[in-house]
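# the following block contains a protein sequence and its predicted model.
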There are 2 protein chains.
Amino acid sequence: MKTANEIANIVSREIEKLDWSLQPLGLYEPIAYVLSMGGKRLRPMLTLMACNLYTEQIEPAIAPALGIEVFHNFTLLHDDIMDRANIRRGKPTVHKKWNDNTAILSGDVMQIASYQLIAKTPQEHLKAILDVFSSTAREICEGQQYDVDFEQRNEVNADDYLEMIRLKTAVLLGCALKTGAIIGGADEHDATNLYNFGIHIGLAFQLKDDLLDVYGKEETFGKKIGGDILCNKKTYLLIHALELAKGQDKLDIQSFLKKNYPDPQEKITLVTAMYNKLKVKKICEDKMMFYYNKAIANLDNIRVDSSKKQSLRNLAEKLLYRND
Amino acid sequence: MKTANEIANIVSREIEKLDWSLQPLGLYEPIAYVLSMGGKRLRPMLTLMACNLYTEQIEPAIAPALGIEVFHNFTLLHDDIMDRANIRRGKPTVHKKWNDNTAILSGDVMQIASYQLIAKTPQEHLKAILDVFSSTAREICEGQQYDVDFEQRNEVNADDYLEMIRLKTAVLLGCALKTGAIIGGADEHDATNLYNFGIHIGLAFQLKDDLLDVYGKEETFGKKIGGDILCNKKTYLLIHALELAKGQDKLDIQSFLKKNYPDPQEKITLVTAMYNKLKVKKICEDKMMFYYNKAIANLDNIRVDSSKKQSLRNLAEKLLYRND
């Protein structure tokens, strides 16, 4: 069985092998750029690790694993246009470095390229993998639409938010794991438990992201701390703060959201102080642990040797205690 | 064997059956809107007609035929954002009626939905159909990128232009026909000839479009006459006019392109008069007939009863003599 490090090396090597030096340059250079930016490569790692639970022959899962990573990077590319985000992983986003049209069209090609990689799935599993991939891909778009809708809506409750992040973030982790499991030869029971393990670590992962945006360190987080606060993003923290605040606190937080601060740091400091006063950090951490424990229960349910599951367990833990 | 009318009815019935009444509405309503706008439904008709050359059982080709039509409409949706086109088939485009973000994201879902329909191809042909579909889809994006690039380039020759329209328009007709042929049970020889038939009618079709933009009638064309002229689009007519014009004509046409006309009709009239003087209409018509004849030769090569090929022959002729 391969270590997480070995799996990570396979993933980076295989991503580098993808050839984007194609014509027209205006279409393919942005794709090479996006994929060279790095990132955790979490999704293809999950696919290969899930496959490796059942077989030493993980080669057939490599192309679909890459397809999932290319698809993930495509969604980031298009999301960055919609969110008018200028920086991703410390570098200018494609629509900023090139322009919107380039980002739209290069993203479209990435989506096709991801299907070309998925299509390399061994024949006997092709239809099943295609179906889980496509329905997941649609859910991710639905999640993005809810995210956009929430910007305009006054009332977003915690359940709405959790459903949105399930769609936008968690289902692709589930899909990555299930894909590896199916190709590795897992039965329905295990494939479903691995899918749910992915859903639950995905939800925990996003809640951790919400926490890092406020309580993380800029050097390791790669994005500006307080970005969510500055754009009034309805995170798990803000939704609960709005629910819990009473009296003057309620008036204060509403004014923080409406007021235009010449110094953005002032707004971040005020909102963070309010989060601390209302103890929403703990609510978010508790929910994160709730999903983490569910994920571990899913992993326990899987019918393979406990020793084999150790790397997935370690990975889940690392995601939870990460600083970036 | 089914008549073209029967095939057209099957296509519209099946497109209407696609269910887009899904949540979130902001994502799915634009898709229903785009697909309800109509259009010739040429591509799915070609798939079913090609299949019907080999078998009466065209049912297995229906889902992939619809996938190709959904994909085609997705490309129109994203192209309209990039071209800032406000009207399509006489109605406001999605990014105009909603906004850019909606058009991007709904388009992304349409692309996924097209793969979901393609994935319904019978198992024994699934990999082959997926491969031709994906490589075609990429070529279409490449064609769109060349089209965008040509806007910025000073020198675009006729061959560059023909390659661009082959990618942007013709390959999807080829793919539609080949898809139907493979599912119907055609051998490699026939599938290739049907693909090339599609390429050649596609090229003829686009040259006809260039002609209609200048010499068509607005009521039937559905778009404003002279649209290409107003945006200096490097069509087959303009490329040849720029090549052929000498002396004062050359200076005149260059000034028509640069000058800002308060009355757009004036520019259309001047450029059209120059096209007439330089006889580029005939050059374009000749090239169109050249491809039409190649298409007919491809059709002749196909090893099925001549009588069965009559509807494809009629369709090709209709495209050539159409007014819209």
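That came through fine. Note that the structure is predicted; figures quoted are calculated from it, not measured.
# now stretch A:272-291: buried residues?
In terms of neighbour count (16 or more other CB atoms under 10 Å in any protein chain shown), stretch A:272-291 has its buried residues at A:272, A:274, A:275, A:278, A:280, A:281, A:283, A:284, A:287, A:288, A:291. For glycine as for every other residue, the C-beta is placed from the backbone atoms N, C-alpha and C.
# how far away is the nearest residue to the first one once chain neighbours are set aside from chain B?
Among residues not flanking residue A:272 along the chain, residue A:214 sits closest, at 5.8 Å (CB to CB, 6 or more residues apart in numbering or on different chains). Separation of residue A:214 from chain B (CB to the nearest CB, to the nearest Å) stands at 26 Å.
# burial count for residue A:214?
22 (other CB atoms under 10 Å in any protein chain shown).
# also the one 10 residues further on?
For residue A:224, the neighbour count with other CB under 10 Å is 13.
# so it, which state does it fall into?
coil (DSSP: H, G, I helix; E, B strand; the rest coil).
# quick one, what contacts it?
Residues in contact with residue A:224 (CB atoms under 8 Å, 6 or more residues apart in numbering or on different chains) are A:87, A:218.
# now for the buried residues of stretch A:272-291: which two are most distant?
The distance between the two most remote of these (CB to CB) is 25.0 Å, for A:274 and A:291.
# and the host helix or strand of residue A:61, anywhere near chain B?
Using DSSP states H and E, residue A:61 maps to helix A:59-82. Yes: for a cut-off given as CB under 8 Å from any CB of the partner chain, helix A:59-82 has contacts with chain B, namely A:78, A:81, A:82.
# which strands and helices sit next to that helix?
Packing partners of helix A:59-82 (3 or more CB pairs under 8 Å, 6 or more residues apart in numbering or on different chains; DSSP states H and E): helix A:4-17, helix A:25-36, helix A:42-52, helix A:94-97, helix A:100-118, helix A:123-152, helix A:171-184, helix B:100-118.
# one step back: okay, and which of the buried residues of stretch A:272-291 map to helices?
A:272, A:274, A:275, A:278, A:280, A:281, A:283, A:284, A:287, A:288, A:291 (DSSP state H).
# contacts only, for the second one.
I take that to be residue A:274. A:241, A:245, A:249, A:252, A:253, A:256.
# try 6 Å
Residues in contact with residue A:274 (CB atoms under 6 Å, 6 or more residues apart in numbering or on different chains) are residue A:253.
# that one and chain B: what is the separation?
Separation of residue A:274 from chain B (CB to the nearest CB): 30 Å.
# confidence score at the closest residue to residue A:190 other than its chain neighbours?
With sequence-adjacent residues excluded and distances taken as CB to CB, 6+ apart, residue A:190 is closest to residue A:302, at 5.1 Å. We note a pLDDT of 98 for residue A:302 in this prediction.
# phi, psi of residue A:302?
phi -70, psi 140 (degrees, to the nearest 10).
# quick check: residues of chain A near chain B?
Counting by CB under 6 Å from any CB of the partner chain, chain A comes close to chain B at A:24, A:26-27, A:78, A:82, A:101, A:104-105, A:108-109, A:111-112, A:115-116, A:119, A:130, A:134, A:137-138, A:141, A:145-146, A:149.
# let's go with 7 Å and repeat that
Contact residues (CB under 7 Å from any CB of the partner chain) of chain A with chain B: A:24, A:26-27, A:78, A:81-82, A:101, A:104-105, A:108-109, A:111-112, A:115-116, A:119, A:123, A:126-127, A:130-131, A:134, A:137-138, A:141-142, A:144-146, A:148-149.
# ok, of those, which come out buried?
The buried subset of the residues of chain A next to chain B - by 16+ other CB under 10 Å - is A:24, A:26-27, A:78, A:81-82, A:101, A:104-105, A:108-109, A:111-112, A:115-116, A:119, A:126, A:130, A:134, A:137-138, A:141-142, A:144-146, A:148-149.
# which SS class is residue A:19?
Secondary structure, three-state DSSP: residue A:19 is coil.
# okay, now it: neighbour count?
So residue A:19, with other CB under 10 Å, has 8 neighbours.
# distance-wise, check it relative to residue A:91.
Between residue A:19 and residue A:91 the computed distance is 22 Å (CB to CB, to the nearest Å).
# do the same with residue A:30
According to CB to CB, residue A:30 and residue A:91 sit 12 Å apart.
# of the two, which one has the most company?
Between residue A:30 and residue A:91, counting by other CB under 10 Å, residue A:30 is the more crowded of the two (25 against 16).
# could you list the low-pLDDT ranges of chain A?
The model of chain A has pLDDT under 70 over residues A:221-222, A:324.
# centroid residue for it?
Centrality entry for chain A: nearest residue to the mean C-alpha point is residue A:169, 4.3 Å, by CA atoms, centre = their mean.
# spit out the contact partners of that one.
Neighbour list for residue A:169: A:202, A:205, A:206 [criterion: CB atoms under 7 Å, 6 or more residues apart in numbering or on different chains].
# excluding residues flanking it in the chain, which one is nearest the first one?
Yep, that's residue A:202 we're talking about. Nearest to residue A:202 is residue A:170, by CB to CB, 6+ apart, at 2.8 Å.
# gap between the residue nearest to the centre of chain A and chain B?
16 Å.
# for that residue, grab phi and psi.
For residue A:169, the backbone dihedrals (degrees, to the nearest 10) come out as phi -120, psi -50.
# please apply the same query to residue A:216.
The phi and psi values for residue A:216, taken as degrees, to the nearest 10, are phi -80, psi 180.
# identify the residues contacting it.
Listed by CB under 7 Å, 6+ apart, the contact set of residue A:216 reads A:225, A:323.
# can you check residue A:309 too?
Each residue near residue A:309 by CB under 7 Å, 6+ apart is listed here: A:299, A:302.
# circling back to that earlier point, just after the helix holding residue A:61, pick out the following helix or strand.
That would be, after helix A:59-82 and using DSSP H and E, strand A:87-88.
# from the stretch 201-324 of chain A, which residue is nearest to chain B?
Proximity of the stretch 201-324 of chain A to chain B (CB to the nearest CB) peaks at residue A:231, 15.0 Å away.
# related to what we said a few turns ago, dump the contacts of residue A:169 into a markdown table; add secondary structure as well.
Output for the contacts of residue A:169, formatted as a markdown table (three-state DSSP):
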| residue | secondary structure |
| --- | --- |
| A:202 | helix |
| A:205 | helix |
| A:206 | helix |
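# if we take the buried residues of stretch A:272-291, which one ends up nearest to residue A:320?
Of all the buried residues of stretch A:272-291, residue A:288 has the smallest distance to residue A:320: 6.9 Å, by CB to CB.
# how close does the residue nearest to residue A:315 when sequence neighbours are not counted sit to residue A:11?
Using CB to CB, 6+ apart and skipping residues adjacent in sequence, the residue nearest residue A:315 is residue A:4, 6.2 Å away. Using CB to CB, residue A:4 is found at 10 Å from residue A:11.
# residue A:17 too?
In this view, residue A:17 and residue A:11 are 11 Å apart by CB to CB.
# more neighbours, those two?
More crowded of residue A:17 and residue A:11, by other CB under 10 Å: residue A:11, with 22 against 9.
# residues in contact with that one?
Neighbour list for residue A:11: A:41, A:44, A:45, A:48, A:65 [criterion: CB under 7 Å, 6+ apart].
# count residues in the vicinity of the residue of the stretch 201-324 of chain A closest to chain B, would you?
12.
# from what I can see residue A:168 touches residue A:142, true?
No: counting by CB atoms under 7 Å, residue A:168 does not reach residue A:142; the two are 8.3 Å apart.
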